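J.: What follows is a predicted protein model with its sequence.
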Amino acid sequence: MTGTDGQTTVVAIALVAAAGLLSAVVTGLVLRLLRRRAILDRPNERSSHTVPTPRGGGWGLLAGLLPSWIVLALLLAPGDPLALAPVAGVAVLAAVSWADDRRGLPARVRFAVQTGVAALALLALPAGAAVTGGLLPLWLDRLLCLVAWVWFMNLYNFMDGIDGIAGGEATAVGAGIAAVVAAMGLAPLWGWQGLAVAAAGAGFLLWNWHPAKLFMGDVGSVPLGYLLGWLLLNLAVSGAWAAALILPMVFVADATTTLLRRAWRGERVWQAHREHAYQRAVRRGLRHDQVVILLSVANAGLVALALASTADTATGFVTVAVAAALTLGMLRRLGGPADWTRGDGQPRP
């Protein structure tokens, strides 16, 4: 990664590798514990699986990711409180999300905790760091960041609905962040932490690839969305706003269009469902792994567009528009035509 000497680079590579190895090993141990305690996700009418499967494998992913994330921060940004700003938030989110996995929590409680954790982390950003580059007052810029970050945490959770999809997205977006950081010469820490996320996601995939032996659960998906959101936010405030929009576009586009469609029909948008494009693709007959492979190909294209977007501002606008159009078209072909009608079959006025 640009900006690190040879010895530091070797240590950083070892930490990234450790994130992947620990994620794979600890997830296997977590699987045994979940089976022993019968902590299972049992199929229902909204599920995409057909047999009871252990849920909570996100503990293994976090056990591999967080130590590497912390040591990378201490190695590459010693004495910088911004580098460790999101760590405490991950612990809080994991605890609350695990409680939700086990017994369920009201949506307002989860939302309040997520909002509070994100707001506190945003306080650590330098006063001059703004996503909009000064076009909006700082308070409004921060509010925009807060809303986007909380939404990203939740959409990452919503999109974790078939085998391999959340781990595959983490691997793709984490690697894409590292590529953009290297291309633009940004803070090396973000690139190495992105690679650590990618490695931990790959380690988890060894157990979560179709047919999955266990699921990530909220305990993994919400903190993972939080950490990726933090890295994307740092890209945005450093000038790579277009790349920050493009890299997660598969998840953002699918989750956001599904939310809007369900809101249009007057449904309770916070309730579980099977209307995402990737879920509709499974219902149409594709296997989980086939869907994830197709999305991974799309993500590779998005990484290329994200790198192209760093050329200049005009190119950034063009590549975001191209990425959005291609992603929406791909999702429509993957999931088939979406239903915008109400329960009575009539279009909503």
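T.: Structure's in. What do you need? Residues are numbered from 1 along each chain as shown.

J.: Any buried residues in stretch 175-192, and which?
T.: For stretch 175-192, the buried set under the neighbour-count rule, 16 or more other Cβ atoms under 10 Å, comprises 175-184, 186-192. Backbone N, C-alpha and C define where each C-beta goes, glycine included.

J.: Put the alpha carbons of it into CSV.
T.: What follows is stretch 175-192, C-alpha atoms only, in CSV (Å, rounded to 0.1, in the frame of the first residue of the first chain):
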residue,chain,number,x,y,z
ALA,A,175,-10.8,-5.1,-1.7
GLY,A,176,-12.3,-2.2,-3.7
ILE,A,177,-11.7,0.3,-0.9
ALA,A,178,-8.0,-0.9,-0.8
ALA,A,179,-7.7,-0.4,-4.6
VAL,A,180,-9.1,3.1,-4.4
VAL,A,181,-6.9,4.1,-1.5
ALA,A,182,-3.8,2.9,-3.4
ALA,A,183,-4.9,4.6,-6.6
MET,A,184,-5.5,8.0,-4.9
GLY,A,185,-2.6,7.8,-2.4
LEU,A,186,-5.0,8.2,0.6
ALA,A,187,-4.3,7.1,4.2
PRO,A,188,-2.8,3.6,4.0
LEU,A,189,-4.6,2.6,7.1
TRP,A,190,-8.0,2.6,5.3
GLY,A,191,-6.7,0.4,2.6
TRP,A,192,-5.2,-2.2,4.9
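
J.: Next, count neighbours for Val51.
T.: Neighbour count for Val51, taken as other Cβ atoms under 10 Å: 10.

J.: Then Val10?
T.: 11.

J.: Just the pLDDT for Pro349.
T.: Pro349 carries a pLDDT value of 34.

J.: Now Leu40. Its backbone dihedrals?
T.: phi -120, psi 150 (degrees, to the nearest 10).

J.: wait, Arg261 sits on Gly335?
T.: No: assessed by Cβ atoms under 8 Å, Arg261 is found out of contact with Gly335, at 11.2 Å.

J.: and those two? which has more neighbours close in?
T.: Higher neighbour count among Arg261 and Gly335: Gly335, with 23 against 17, using other Cβ under 10 Å.

J.: And the pLDDT for the more buried one?
T.: For Gly335, pLDDT reads 89.

J.: Okay, it and Trp209: tell me how far apart.
T.: 21 Å (Cβ to Cβ, to the nearest Å).

J.: now swap in Phe152 and tell me
T.: 24 Å.
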